[in-house]
Every structure is written in C-alpha cells, then in structure tokens.
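Engineer: please find the sequence and the predicted model below.
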Amino acid sequence: GRRQPLLLLVGRGLKEAWRIKTADAAYGKSEGGRNTWISHARSFSSKSPKPQSILRPQLSFDALQKKADEGDVQSMFLLGSAYLKGQLGAKKDYDKARMRFEQAAEHEHKQALFNLGVMYLEGQGVTADAPRAVSLFQRAAAQGLAEAQYNLGNCYHAGTGVDKDEEAAMEQFSLAAGQGDHKACLRLALAYISGDGVNQDSQAARQILQRPAFDGNAEAQFLLGYLLLNIEEASEQNIKDASFNLESASSKGFIAAKHYLGMCLLKGHRLEADMSRASSLLQEAALAGHGQSAYELHKMYKEGKNLDAESRKWLERAAELGVKEALTE
C-alpha cells in the first residue's frame, strides 16, 4: 500500500501506548489520523487527584481526637484522613471520615473541602453527588488549592455536576498549572496540542511542559520530546533536548516513549538511524503490551534474510494485541 508518513505511524502507536497506560481497552477502539493518540493522553491526565492524606503527624490518634474535640480544625482534618485511609491505628471508616471532614469544612479548611469533594464525586461512603462535589471543589479552589482547581477544571470540561464550560475549565487548569501541578500542566499542554477548548499552540504546550519535564515526569518528558522533535525548523539544540527527554521517559518505562523513540531511530526521523537501538526499544514496548511496536518489528524482520521465524513471532504478538493489520495479514 501507499507509504504512510512517520507521524501517522507514530501517532497510531502512541494511541495504543496511552490505552495501555490507562489500562482501559475501550480507548483502543477509536480510529483516526496522526493525533488520535491525543485523546488517550488526555484520558490519562484527566484522572482526578485522590483525597489528601496525612504526612507524618506529630500527634498520636488519641491526641488528635482530643484536640479535634477541643475545636482544633487541622486535627479535625487529620482525623478524617486517618479514618479515610485507616492510618494511625484507626480502622477505615468513611462515615467518621466524612463527619470529621465536614467539621473542618465548616471552617473552610481547604484540604477538608477537597477531600469531601472527592468523596461525593466518587461516592466513597456516600451517595455520589456531583453538584455537591463541584461546590466543595469551588470553595477549595478559591483558596488556591491546586488539586481542587484541577478537579474543578475536569468537572467544567466534562460537564460533571455543572454546565460544561471550556473557558472555565482552562482557567482552572491554568491556575493549577501555574502552581506546578503536574496533572494540570499535562492537561493544559494536551489542550494546546489538540486545540481542545483553546486555539492550537504547540509553542505554549512546550512551555507548559518544561516544568514537569524538568521535575522528571515521564509523561511530560515524552510529550515535550515529541513536540521538540517535530518543530518545523528544529534547531540542533531542539533535537538534542528532544532526544534527552525521550530517552529519559523511555528509561522510566514509559511505553509511548519507547515506541516513538524506536520509530524515530528506525526511520531516521530527525535522529541518526540506529536499527539495533530501534529494535531493542520496540521489543521492550512490544513485550510490555504495545501492539503497534510488535507489528513494526514484524515488518522490520520480514525485510531481513533468514528471519522468517522472528517476523512470524512478532506478527503473532501484534495479532494477540489486536493490531488490525496483523489480524488481516
């Protein structure tokens, strides 16, 4: 058939890698062009932060209970966290957790408001109530809590418990990203890449990804590497930075980065072709469940001499993982 552009081949592989990352097979059913993987990256980065927990409280459970009963708001929150997670010797008890969080929330304790919001959003020990969750996130977000701003942005984006409002969603994501929240940075960058709720702007996406990538976030390193490598007139420094970020994400076991870097080395896309390294990366990705990597290995070995057995092995692996081309070949 007609030779497909590298970015389309890469895009299909990235789509599958994100499906594996989210462990949600349903995301693997969609088809599309070079950026179909964006929706799956977004699905991963839109997961809500979990309730905040205790970080080495200096007081025992009994001492916290005493202080809470005396009206200490922080102790109310810490007790709620102990019951929520089953920490400090307390048995996990959603009812008692909710009660303590509600006590602290009456005093506008932002972490307690956030934790209550998560409980009502996910139905943890309570009947799920998305509008109430939104109200709680709004109160915590107004106090500058990045996790609440991120969750609130997701609610506005999806229309969960509130009317869908992309402008409000982007505002909350921006506020959280401005505080260095990695999930918010990823979500906002993906919006600029895909044009979801904002005008497409790859330069803005690159700027947003700098901080989490520098902090070592593998998803951010992968996206930043991808964007840098595909600047139309990429400089030598762009390519060097792209390679560094992709290698770093790959070394952390990020499947999409292994596949993409392997494809770039296989095709010589902005990087010097290296068949040995490409094969190694694609094999690692394929063995981790990446079907498109397995299919690329099949094609690579199919072109070699006396490599029919290897070619068949990877074709079978790709078919097992549901790659359409492998199923019909």
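Structural biologist: Here it is on my side, so go on.
Engineer: where does the chain have low pLDDT?
Structural biologist: Within the chain, the ranges that satisfy pLDDT under 70 run 1-58.
Engineer: the strands in the stretch 101-250 of the chain, which residues?
Structural biologist: In the stretch 101-250 of the chain, no strands are defined using DSSP state E, counting those that start in this stretch.
Engineer: let me see the ranges of the helices in it.
Structural biologist: Residue ranges of the helices in the stretch 101-250 of the chain, as given by DSSP state H, counting those that start in this stretch, are 110-122, 130-141, 146-158, 166-178, 182-194, 202-214, 218-229, 236-251.
Engineer: to Leu297, which of those helices lies closest?
Structural biologist: Leu297 sits nearest to helix 236-251 of all these, at 16.2 Å, using Cβ to Cβ. For the C-beta atoms, the positions are set from N, CA and C on the backbone; glycine is no exception.
Engineer: which strands and helices sit next to the helix or strand just after that closest one?
Structural biologist: For helix 236-251, the succeeding helix or strand toward the C-terminus, using DSSP states H and E, is helix 255-267. Packing partners of helix 255-267 (3 or more Cβ pairs under 8 Å, 6 or more residues apart in numbering; DSSP states H and E): helix 6-22, helix 218-229, helix 236-251, helix 275-287, helix 291-302.
Engineer: what number of residues lie near Glu236?
Structural biologist: Neighbours of Glu236 under the rule other Cβ atoms under 10 Å: 7.
Engineer: contacts only, for the residue nearest to Gln283 when sequence neighbours are not counted.
Structural biologist: In space, Gln283 comes closest to Leu297 once its chain neighbours are excluded; the distance is 6.5 Å by Cβ to Cβ, 6 or more residues apart in numbering. Leu297 sits next to Ser279, Leu282, Gln283, Ala286, Glu310, Trp314 when contact means Cβ atoms under 8 Å, 6 or more residues apart in numbering.
Engineer: how far away is Leu297 from Leu229?
Structural biologist: Here Leu297 is placed at a distance of 22 Å from Leu229 (Cβ to Cβ, to the nearest Å).
Engineer: same question, Trp314
Structural biologist: On the measure of Cβ to Cβ, Trp314 and Leu229 end up 25 Å apart.
Engineer: contacting residues for Val162?
Structural biologist: Ala130, Pro131, Val134, Cys155, Tyr156 are the contacts of Val162 under Cβ under 8 Å, 6+ apart.
Engineer: of these, select the buried ones using a ChimeraX command.
Structural biologist: Entered in ChimeraX, the line below selects the buried ones among those, by 16 or more other Cβ atoms under 10 Å:
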select :130,134,155,156
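Engineer: just checking, Gln143 touches Glu108?
Structural biologist: Yes - applying Cβ atoms under 8 Å as the test, Gln143 and Glu108 come out as touching, 7.1 Å apart.
Engineer: any idea how far Gly125 is from Ala273?
Structural biologist: Ala273 is 56 Å from Gly125, where distance means Cβ to Cβ.
Engineer: again, but for Ala288
Structural biologist: 36 Å.
Engineer: about what we covered before: which one's more surrounded, Ala273 and Gly125?
Structural biologist: More neighbours surround Gly125 than the other of Ala273 and Gly125, with 16 against 12 (other Cβ under 10 Å).
Engineer: show me what contacts that one?
Structural biologist: Tyr94, Asp95, Ala97, Arg98, Met119.
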